[in-house]
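Below: sequence and its predicted model.
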Amino acid sequence: MLRDKVRTSTTLSINEIYPTIQGEGLLVGSPCLMVRFQGCNIRCPWCDQPSALVFKRPNTDLSTLLEEIKRHPHKHIVLTGGEPLAQPNLHLLVYELIQEGYFVQIETNGTLWNENLKVVEDRIHITCSPKWTANWYVHPSVLKNAKELKFVVDDNFSSHILKRSEFLPFLEKGLVVLQPEGNKEKFLQKALKIQTDLLEEGYTVRVLPQLHKLIGLK
Ligand SMILES: C[S@@+](CC[C@H](N)C(=O)[O-])C[C@H]1O[C@@H](n2cnc3c(N)ncnc32)[C@H](O)[C@@H]1O
Ligand SMILES: Nc1nc2[nH]cc(C(=O)O)c2c(=O)[nH]1
Ligand code: SF4
Ligand SMILES: [Mg+2]
């Protein structure tokens with residue numbers, strides 16, 4: 001059967017799969033299965049998943065990956081990395097997950113898109129985290145489909161980034177999360193100051209440290 005052939009001939013580059021609580025963004029607190037891919041097209045100096053940036057493990061075929069996912073009770077699947085949209089076959093996994101009734105979230109730096117996702121674009125929760133290491137570039141299709149923008153607040157971040165024309169609609173709709181780099185106190189205070197200043201201008205942004213790091217989860 002064609003579907004079986006696709007499942008056994010398709011491979012993806014997996015770093016790790018583990019159950020946890022969504023520690024970031026608008027879906028924070030939700031029990032989820034983290035599916036972390038290997039490889040990323042950019043390099044952020046403070047990336048907290050450095051082991052996922054390299055290709056250490058051999059690829060996994062789609063059928064084996066689906067069997068592993070189905071062994072868990074979780075319905076919320078977080079596709080992350082590394083950069084999940086750098087996986088050429090990501091769409092084939094997403095099709096299968098949606099077909100099986102999973103809630104699919106993609107954590108992405110936003111620089112890449114996969115046109116094969118167009119047919120399911122309205123059924124994925126895309127969390128886009130734009131990066132200065134990519135000069136804040138976000139692919140137009142990611143901008144069109146993202147449910148939230150999550151900015152890491154570090155020394156390079158400032159609120160005028162949020163006023164860029166491509167990000168302003170998210171700011172106006174209250175769909176921006178400020179995430180202090182490394183949960184560091186100085187970046188938490190910077191994020192809170194930005195939040196207060198923006199409130200004076202009529203904008204509401206959320207400040208959310210990485211919950212999993214605070215409660216000792218991965
Ligand atoms: C490791 S990345 C993987 C997915 C994708 N490459 C991306 O950057 O969105 C997952 C999330 O962790 C955030 N992140 C990475 N390192 C961080 C750090 N040191 N402090 C806070 N957030 C960090 C990223 O901005 C992103 O929102
Ligand atoms: N608990 C937990 N939540 C997360 N949300 C996004 C993560 C990521 O690395 O993409 C992440 C992570 O690494 N752990
Ligand atoms: S884009 Fe994401 S995975 Fe890639 S280096 Fe930056 S934070 Fe890490
Ligand atoms: Mg992480």
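Arrived safely. Numbering: from 1, shown residues only. Ligands and ions are numbered 1, 2, ... in the order given.

average pLDDT across the helix or strand where residue 94 lies?
Following DSSP states H and E, one finds residue 94 within helix 90-99. In this model, helix 90-99 has an average pLDDT of 98.

outside of that helix, which residues touch it?
6-7, 10, 12, 37, 62, 65-66, 69, 77, 79, 84, 87, 104, 106, 114, 116-117, 120, 123-124 (C-beta atoms under 8 Å, 6 or more residues apart in numbering). Where you see a C-beta, it was placed from the backbone N, CA and C, and this is true even at glycine.

can stretch 110-129 be found next to ligand 1?
Yes: using C-beta under 6 Å from any ligand atom, stretch 110-129 comes into contact with ligand 1 via residue 129.

can you give me how far that stretch is from the chain middle?
Stretch 110-129 sits 10 Å away from the centroid of its parent chain (C-alpha atoms, centre = their mean, to the nearest Å).

in that stretch, what counts as buried?
Across stretch 110-129, burial judged by 16 or more other C-beta atoms under 10 Å covers 110-114, 117, 120-121, 124-129.

returning to what we had before: name the strands paired with the helix or strand following the helix holding residue 94 and say parallel or antiparallel.
Once the chain leaves helix 90-99, the next helix or strand it forms, by DSSP H and E, is strand 103-108. Here strand 103-108 has these sheet partners by DSSP bridges: strand 76-80 (parallel), strand 124-128 (parallel).

and strand 103-108, is it in reach of ligand 1?
Yes: against ligand 1, strand 103-108 shows contacts by C-beta under 6 Å from any ligand atom at 107-108.

That strand vs ligand 2: in contact?
Yes: judged by C-beta under 6 Å from any ligand atom, strand 103-108 and ligand 2 are in contact via residue 107.

That strand vs ligand 3: in contact?
No: contact of strand 103-108 with ligand 3 (C-beta under 6 Å from any ligand atom) is absent, the minimum separation being 7.9 Å.

which residues are contacting that strand?
Residues from elsewhere that reach strand 103-108, judged by C-beta under 8 Å, 6+ apart: 22, 24-25, 27, 32, 75-81, 83-85, 90, 94, 97-98, 123-129, 142.

for the record, mean pLDDT for that strand?
For strand 103-108, mean pLDDT rounds to 99.

Please identify the buried residues of the helix holding residue 94?
For helix 90-99, the neighbour count (16+ other C-beta under 10 Å) marks 90-98 as buried.

same question, stretch 205-214
205-212.

Return the helix holding residue 94 as CSV; C-alpha atoms alone will do.
Only the C-alpha atoms of helix 90-99 are listed here, as CSV (Å, rounded to 0.1, in the frame of the first residue of the first chain):
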residue,chain,number,x,y,z
LEU,A,90,8.4,17.2,8.0
HIS,A,91,5.2,17.6,6.1
LEU,A,92,4.8,13.8,5.8
LEU,A,93,5.0,13.5,9.6
VAL,A,94,2.6,16.4,10.0
TYR,A,95,0.1,14.8,7.6
GLU,A,96,0.2,11.5,9.6
LEU,A,97,-0.2,13.2,12.9
ILE,A,98,-3.1,15.3,11.8
GLN,A,99,-4.7,12.2,10.2
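
Residue 150 and ligand 3, how far apart?
The gap separating residue 150 from ligand 3 is 11 Å, by C-beta to the nearest ligand atom, to the nearest Å.
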